[in-house]
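Novice: need coordinates for the following:
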Amino acid sequence: MSEHFTTLFTLLQYLTYLFVFIVGLGVLWILVLYVMDVTQKRNAILRNYPVVGHFRYLFQTLGKFFRQYFFAMDREELPFNRAERNWVYRASQNQPNTAAFGSTRDLRPPGTILFVNCPWPTLDKDATPTAPRIIGPDCPQPYTATSLFNISAMSYGALSKPAVRALSAGAKLAGCWLNTGEGGLSPWHLEGGGDLVFQIGTAKYGVRNAEGGLDDEKLRAVAAHPQVRMFELKLSQGAKPGKGGILPAGKVTPEVAGIRGIPVHTASISPNRHPEISSEDDLLDMLNHIREVTGKPVGFKAVLGAWGWLDSLFEAINRRGADSAPDFITIDSADGGSGAAPASLMDYMGLPLRESLPLVINKLGEYGLRARIRVIASGRLVTPGDVAWALCVGADFINSARGFMLALGCIQAMQCNRNTCPTGITTHNPRLQKGLNPADKAVRVKQYVENMRHSVGVIAHSCGVHEPRQLRRFHARMVTENGQSKPLDEIYGPDVE
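Specialist: A predicted model of the protein is given here:
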């Protein structure tokens, strides 16, 4: 008994010494931190309030997480509020998206979109499937696109391998296309077997020569993949018009570097525009060259800011002939997203889609090109109301990037540019990637697309049309400054067919 007591007493002594040692280290650390704070001259808060001043920065870091989960209302946050995120989460998990006791959406602010229900909605038996649309009918290999809702440009490199694998497989299951983004064509894009749109950014990753220009042989090699159905020339993107792609050095792994054709572990900074394109005619020359080399539909993606150049572009098309026109134009919004962008551009540059999309549609109608050129709307379109609005205005197709990131499990941690994404979507850290199961997330991608189509159909049928592409501007209204709403055909002008 005495031996047990002695052993216990000895153990308690050791624990006491350990406790005193830890407390001593803590006190020493506080003293060192105090001396460092009062002697440094760069930070007034820490100099005036040594040690305790550090809590300000701790709370500042933790505050955004507490606001998201405890303090922000359902429709307060940006870029996506809790109500929007939850709709995507439920849709991707095939959970019911019904609600009770009334909407929390405020219908009073100017700019709010309201859809006009018909007194005689379309019966289920009268509803029709959304018809496919052909892009580039005069190309040697035109593309018959069956899905109005598709996956927007996100590069391998910006996204992780399991994320790209999930999107690729999900696109196949859903019957929609996946845009590769400007980072080149990876094996993981091809793995799922779905349709692909190959994006050519200003650095021309994957199809570049040693000088950074287009390499026709590499272009043909990419086009030889039957899954690659179209080519998109990126002029600018939502979060950073006037700035090229930015991939931090930590994300440029040997595999990413090999696909892009750049040095390993060196930041991938694309030029802020295509050096070969300095005019509308240069743009048409480039588009036609890519179409001739690949035999597939070609278009361009741009954020609209200055818009007078559209007149020059469409005049040039009519002068050269309609066959010189791009097969599609992707209009990105100033509130589009990106993994890494200068805040000055993200906050201030470009026009939002609410203004740019109807402007482009109207210009195409003015020059008689609406039937020739398909229009793809992109930028913060993640819910059925967003998609239905774009269809009312005149878009042929809708692309979403961040909507599909949410479908993969994104929690809007705002760490896309730091290789620390906690959900494994935008990181190359194997420890963080292991939580993302591509097979499971592919099903979520499929379910998000299917539930989006269904929910947009519900809006269309309530408006009295048989399928979503029959929506017109008079089917929606916008709340104006005086609190009254006006139909979109009064705000934007009549429909352009």
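Novice: shouldn't Arg208 be in contact with Leu219?
Specialist: No. Applying C-beta atoms under 8 Å, one finds Arg208 not in contact with Leu219, separated by 9.8 Å. In this view, the C-beta of every residue, glycine as well, is placed from N, C-alpha and C.
Novice: might you report the residue contacts of Pro129?
Specialist: Counting by C-beta atoms under 8 Å, 6 or more residues apart in numbering, Pro129 touches Glu467.
Novice: next, it: secondary structure please.
Specialist: Assigned by DSSP: H, G, I helix; E, B strand; the rest coil, the conformation of Pro129 is coil.
Novice: next: the one 10 residues further on.
Specialist: For Cys139, the secondary structure call by three-state DSSP comes out as coil.
Novice: can you map out the strands along the stretch 301-450 of the chain?
Specialist: 328-332, 374-378, 397-400 (DSSP state E, counting those that start in this stretch).
Novice: Gly111: which of the ones you listed is closest?
Specialist: Across these, Gly111 has its closest neighbour in strand 374-378 (16.8 Å, C-beta to C-beta).
Novice: mind listing residues that contact the closest one?
Specialist: The contact list for strand 374-378 (C-beta under 8 Å, 6+ apart) reads 133, 135, 150, 152, 238, 299, 301, 327-333, 336, 353, 357, 360-361, 364, 390, 393-401.
Novice: for this protein, what are the low-confidence residue spans?
Specialist: By pLDDT under 70, the low-scoring segments of the chain are 1-3, 64-74, 338-339.
Novice: in space, not sequence, find me the middle residue of it.
Specialist: Nearest to the geometric centre of the chain sits Ala401, at 2.7 Å (C-alpha atoms, centre = their mean).
Novice: show me what contacts that residue?
Specialist: By C-beta under 8 Å, 6+ apart, the contact set of Ala401 is 151-154, 336-337, 378.
Novice: quick one: which of those residues is most hemmed in?
Specialist: Of all the contacts of Ala401, the highest neighbour tally under other C-beta atoms under 10 Å goes to Ile151, namely 30 neighbours.
Novice: that older thread, wait, which of the strands of the stretch 301-450 of the chain is closest to Glu191?
Specialist: Short answer: strand 397-400, nearest of these by C-beta to C-beta, at 21.0 Å.
Novice: packing partners for that closest one?
Specialist: Other helices and strands packing on strand 397-400, by 3 or more C-beta pairs under 8 Å, 6 or more residues apart in numbering; DSSP states H and E, are strand 149-151, strand 374-378, helix 384-393.
Novice: how about the strands of the stretch 301-450 of the chain in a markdown table, adding distance to Ala163?
Specialist: Converted to a markdown table, these look like this (distance: least, C-beta to C-beta, whole Å):
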| stretch | distance to Ala163 |
| --- | --- |
| strand 328-332 | 21 |
| strand 374-378 | 19 |
| strand 397-400 | 15 |
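Novice: roughly how far apart are the residue nearest to the centre of the chain and Lys125?
Specialist: 36 Å (C-beta to C-beta, to the nearest Å).
Novice: for the stretch 101-250 of the chain, which segments count as strands?
Specialist: Counting by DSSP E, counting those that start in this stretch, the strands of the stretch 101-250 of the chain are 113-115, 133-135, 143-145, 149-151, 177-179, 195-200, 228-234, 246-247.
Novice: of those, which is nearest Gly368?
Specialist: strand 133-135 (18.7 Å).
Novice: the closest one packs against which elements?
Specialist: Strand 133-135 packs on strand 143-145, going by 3+ C-beta pairs under 8 Å, 6+ apart.
Novice: the strand it packs on pairs with which strands?
Specialist: For strand 143-145, the paired strands and their directions (DSSP bridges) are strand 133-135 (antiparallel).
Novice: show me which residues of the strand it pairs with are buried.
Specialist: Going by neighbour count (16 or more other C-beta atoms under 10 Å), the buried part of strand 133-135 is 133, 135.
Novice: what are the contacting residues of it?
Specialist: Around strand 133-135, the neighbours that count as contacts under C-beta under 8 Å, 6+ apart are 142-145, 230, 297, 299, 327-328, 374, 396-397.
Novice: just the buried residues out of those residues, in ChimeraX syntax.
Specialist: In ChimeraX, this line selects whichever of the contacts of strand 133-135 come out buried by 16+ other C-beta under 10 Å:
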select :142,143,145,230,297,299,327,328,374,396,397
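Novice: just give me the closest of the contacts of strand 133-135 to Glu467.
Specialist: The closest of these to Glu467 turns out to be Asp396 (C-beta to C-beta; 13.3 Å).
Novice: now Ala343: how far from Gln447?
Specialist: When distance is defined by C-beta to C-beta, Ala343 is 34 Å away from Gln447.
Novice: so these two - more neighbours on which side?
Specialist: Set Ala343 next to Gln447 and count neighbours by other C-beta under 10 Å: Gln447 wins out with 20 against 9.
Novice: that one contacts Ser92, correct?
Specialist: Yes. With contact defined as C-beta under 8 Å, Gln447 counts as touching Ser92 (5.4 Å).
Novice: got any residues that touch both of those two?
Specialist: In contact with both Gln447 and Ser92: Ala407, using C-beta under 8 Å, 6+ apart.
Novice: can you give the distance of stretch 348-355 from its chain's centre?
Specialist: Relative to its parent chain, stretch 348-355 has a centroid offset of 15 Å by C-alpha atoms, centre = their mean, to the nearest Å.
Novice: stretch 448-465 too?
Specialist: Mean-position distance between stretch 448-465 and its chain equals 22 Å (C-alpha atoms, centre = their mean).
Novice: now do the buried residues in that stretch.
Specialist: 448-453, 455-465.
Novice: out of those residues, which sit inside helices?
Specialist: Among the buried residues of stretch 448-465, the ones falling in helices (DSSP state H) are 448-453, 455-462.
Novice: closest one of those residues to Met286?
Specialist: Closest to Met286, out of all of these and judged by C-beta to C-beta, is Val449, at 31.6 Å.
Novice: and for that closest one, nearest residue in space, chain neighbours not counted?
Specialist: Among residues not flanking Val449 along the chain, Ala174 sits closest, at 3.8 Å (C-beta to C-beta, 6 or more residues apart in numbering).
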